[in-house]
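Novice: I'd like to go over a predicted model; first the sequence, then the structure.
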Amino acid sequence: MEHLSDHHGSLSFEPNLSVCQDDGAVDAAECCVSSARSCTKPEDSDTTNNSDLSSNERLDKGFMQYGCPHYRRRCRIRAPCCGKIFDCRHCHNEAMNSLNVERRHRHELPRQELRQVICSLCGTEQEVHQVCINCGVCMGKYFCGTCKLFDDDISKQQYHCTGCGICRIGGRENFFHCFKCGCCYSIVLKNSHPCVEGAMHHDCPVCFEYLFESTNDVSVLPCGHTIHVQCLKEMQQHLQYVCPLCSKSVCDMSKVWEIMDMEVAATPMPEFYHNKKVRILCNDCGETSEVQYHVVGQKCLKCKSYNTRQT
C-alpha cells in the first residue's frame, strides 16, 4: 500500500508526514506565553537572579539531563486535579488510568488547567513560567504558555497551532491546518486531500484511541478518514485493504482486480447460474449496476473494482 505523508500519493504517503502529532512540533524559536500569546525565546526571559554563572550558563544548566520518557525538561508538574506530582501530564494520565486505580478515581489532566510546576534543579514550586524564579534555569527550551508545555528536545520542531488549540510536532513550515478536517496535515496534501468534517475528532476505528490528541503517527486514507499508521499496518497484515468506516479501498488495488479477472475466467459457473443477475453497489466509486453473478466476486462496470456488495 502507498503511504500517506505524515500523517499521509498515490497512496504512497510517508506514515510520519500525513497528520501532525500532538505535543511535538512547534517552531523551536516560537511559543505562546502570557495572555498576549506572544512568542519568546528562552534567552529573552527574565534571568536577573544573583549568581556567579553568566545568564546563558544559568539558563542552560542541566539541559537534557532531566525529564521522563515523554519529554526532556527541567521541571515537574503538580496536577491540579489530584494534587500529586508527576514528570508530565502523560505520566499522570498513565498512572491515574492504570488498572491499579479504582475506576471511579481514574481521570486525565486537562493541559490548560496546569498552574504549578516544580523546578527539577532547586525544587522550587511556582506558577507556570519558562524560567525558574529561584535559580534562573530555563525549565524548557521550548515553552508554550497556552498548553503549559516544556521540552528541552527542540529537535521535534514543536509549534503551537491556534486552529488545533494545542502544540504539534514536525515544524510549522511542514504543515497546514485544515479547518474542515480540524487538524494539521502535511503541506503536500494542502491541495489534494479529501476533506471530511472533523476527520481527526474521533477515535481510531481499530484501537479506539482519540486521534486528535494521539502521540502516535496517524495516516489520512484516500477517502479522507484517519487511522493510526500502526493500526493500518496491522490491517494489511490481516489482508484487510478497505477503510473500516466507509469500505473504500485504502490503496491501489488494480493488480488485485487483474488477478481476480483471471480467477473468474478460470472458474466457469454451473449452467444453473448462467442467467443469474445481481444488483451491486461499488464501495469505491459508489456506482450501482446489474452484473452476472459469480462466486469469485462481482465486478463494477464503471471502475472495474471487485470491492462491491449486493443490494
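Specialist: That came in fine, so what should we check first?

Novice: CA atoms for contacts and neighbours, from now on please.
Specialist: Noted.

Novice: for H92, helix, strand, or coil?
Specialist: helix (DSSP: H, G, I helix; E, B strand; the rest coil).

Novice: what residue of this protein is the furthest out?
Specialist: E271 (53.4 Å; C-alpha atoms, centre = their mean).

Novice: for that one, give me phi and psi.
Specialist: phi -60, psi -30 (degrees, to the nearest 10).

Novice: just the CA trace of stretch 241-251, in CSV.
Specialist: The C-alpha trace of stretch 241-251 is given here as CSV (Å, rounded to 0.1, in the frame of the first residue of the first chain):
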residue,chain,number,x,y,z
TYR,A,241,-7.5,-3.3,2.5
VAL,A,242,-10.6,-1.3,2.9
CYS,A,243,-11.4,1.7,5.2
PRO,A,244,-13.2,0.4,8.4
LEU,A,245,-15.6,3.3,8.2
CYS,A,246,-16.7,3.6,4.6
SER,A,247,-15.3,0.4,3.0
LYS,A,248,-13.4,2.2,0.2
SER,A,249,-10.1,0.7,-0.8
VAL,A,250,-7.1,2.2,1.1
CYS,A,251,-4.6,1.7,-1.7
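
Novice: quick check: mean pLDDT of it?
Specialist: Averaging pLDDT along stretch 241-251 gives 95.

Novice: list the buried residues of that stretch.
Specialist: Y241, V242, C243, P244, K248, S249, V250, C251 (16 or more other C-alpha atoms under 10 Å).

Novice: picking up where we left off before, from H238, how far out is the residue farthest from the centre of the chain?
Specialist: The gap separating E271 from H238 is 35 Å, by C-alpha to C-alpha, to the nearest Å.

Novice: next one: R89
Specialist: R89 sits 35 Å away from H238, going by C-alpha to C-alpha.

Novice: comparing those two, which residue is more hemmed in?
Specialist: Neighbours per residue (other C-alpha atoms under 10 Å) separate R89 from H238, with R89 holding more: 22 against 9.

Novice: what sits against the more buried one?
Specialist: For R89, the contact set (C-alpha atoms under 8 Å, 6 or more residues apart in numbering) comprises I77, A79, L109, R111.

Novice: could you dump these to TSV with neighbour count?
Specialist: Compiled in TSV, those are given as follows (neighbours: other C-alpha atoms under 10 Å):
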residue	neighbour count
I77	24
A79	23
L109	18
R111	17
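
Novice: where do the helices sit along the protein?
Specialist: For the chain, applying DSSP state H gives helices covering 55-60, 89-96, 229-237, 254-265.

Novice: among those, which comes closest to C161?
Specialist: In terms of C-alpha to C-alpha, the element of these nearest to C161 is helix 89-96, at 19.1 Å.

Novice: in the closest one, what counts as buried?
Specialist: So, applying 16+ other C-alpha under 10 Å, buried residues of helix 89-96: R89, H90, H92, N93, A95, M96.

Novice: CA atoms of that helix as CSV?
Specialist: Taking C-alpha atoms only, helix 89-96 is exported to CSV below (Å, rounded to 0.1, in the frame of the first residue of the first chain):
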residue,chain,number,x,y,z
ARG,A,89,0.7,15.1,32.1
HIS,A,90,1.3,11.9,30.1
CYS,A,91,2.9,10.3,33.2
HIS,A,92,-0.1,11.5,35.2
ASN,A,93,-2.6,10.0,32.7
GLU,A,94,-0.8,6.7,32.5
ALA,A,95,-0.6,6.4,36.3
MET,A,96,-4.2,7.6,37.0
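
Novice: make 20 the starting number, not 1.
Specialist: All right, first residue 20 from here; so that's helix 108-115.

Novice: just the mean pLDDT for it, thanks.
Specialist: In this model, helix 108-115 has an average pLDDT of 94.

Novice: and stretch 312-326, by the same measure?
Specialist: pLDDT averaged over stretch 312-326 gives 94.
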